[in-house]
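**Q** no sequence for this one, just the structure:
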């Protein structure tokens, strides 16, 4: 939940998961967030007061609970971006493992791996 009362999470149709943003309006309008191209399964985990959302996107086998590897997603302005693809070229040798928090400036904390070693990181927007 952010300072504006918006909440993120997921809805669960049969054999699936969809990332959802619930607005802080009188009816708590639910907005389904887009997944990364080709994916059909996802979850929204974090939101800041600027409306930037962090979550995951993956492919699941229809009619089963078999879900492939997920990718970290950043939603901004209604569009989905694979978080890994947003790294500066100088950081391309890092793999983001997870994001634990996002502040209202868009800075994120989490863990990333480089050369087989996982370390805590702060991700700063450019």
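**A** Alright, I've got the coordinates. Note that the coordinates shown come from a computational prediction; the quantities given were computed from them, not determined experimentally. Numbering: from 1, shown residues only.

**Q** Next, work out how far apart the most far-flung residue of the chain relative to its centre and residue 5 are.
**A** Most distant residue from the mean C-alpha position of the chain: residue 26, 25.8 Å away (C-alpha atoms, centre = their mean). For residue 26, the distance to residue 5 (C-beta to C-beta, to the nearest Å) stands at 12 Å. All C-beta atoms are positioned from the backbone trio N, CA, C, and that covers glycine.

**Q** for residue 124, what are its contacts?
**A** Neighbour list for residue 124: 106-107 [criterion: C-beta atoms under 8 Å, 6 or more residues apart in numbering].

**Q** which stretches of this protein form helices?
**A** Under the criterion DSSP state H, the chain carries no helices.

**Q** Can you list the residue ranges for strands in it?
**A** 7-11, 18-22, 30-32, 41-47, 53-58, 71-76, 79-82, 95-102, 108-114, 117-123 (DSSP state E).

**Q** how about those in JSON lines, adding mean neighbour count, distance to residue 64 and mean pLDDT?
**A** Output for those, formatted as JSON lines (neighbours: other C-beta atoms under 10 Å; distance: least, C-beta to C-beta, whole Å; pLDDT from 0 to 100):
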{"stretch": "strand 7-11", "mean neighbour count": "17", "distance to residue 64": "17", "mean pLDDT": "97"}
{"stretch": "strand 18-22", "mean neighbour count": "20", "distance to residue 64": "16", "mean pLDDT": "98"}
{"stretch": "strand 30-32", "mean neighbour count": "13", "distance to residue 64": "21", "mean pLDDT": "97"}
{"stretch": "strand 41-47", "mean neighbour count": "22", "distance to residue 64": "11", "mean pLDDT": "98"}
{"stretch": "strand 53-58", "mean neighbour count": "23", "distance to residue 64": "13", "mean pLDDT": "98"}
{"stretch": "strand 71-76", "mean neighbour count": "22", "distance to residue 64": "20", "mean pLDDT": "98"}
{"stretch": "strand 79-82", "mean neighbour count": "15", "distance to residue 64": "24", "mean pLDDT": "98"}
{"stretch": "strand 95-102", "mean neighbour count": "16", "distance to residue 64": "25", "mean pLDDT": "98"}
{"stretch": "strand 108-114", "mean neighbour count": "17", "distance to residue 64": "30", "mean pLDDT": "98"}
{"stretch": "strand 117-123", "mean neighbour count": "12", "distance to residue 64": "31", "mean pLDDT": "98"}
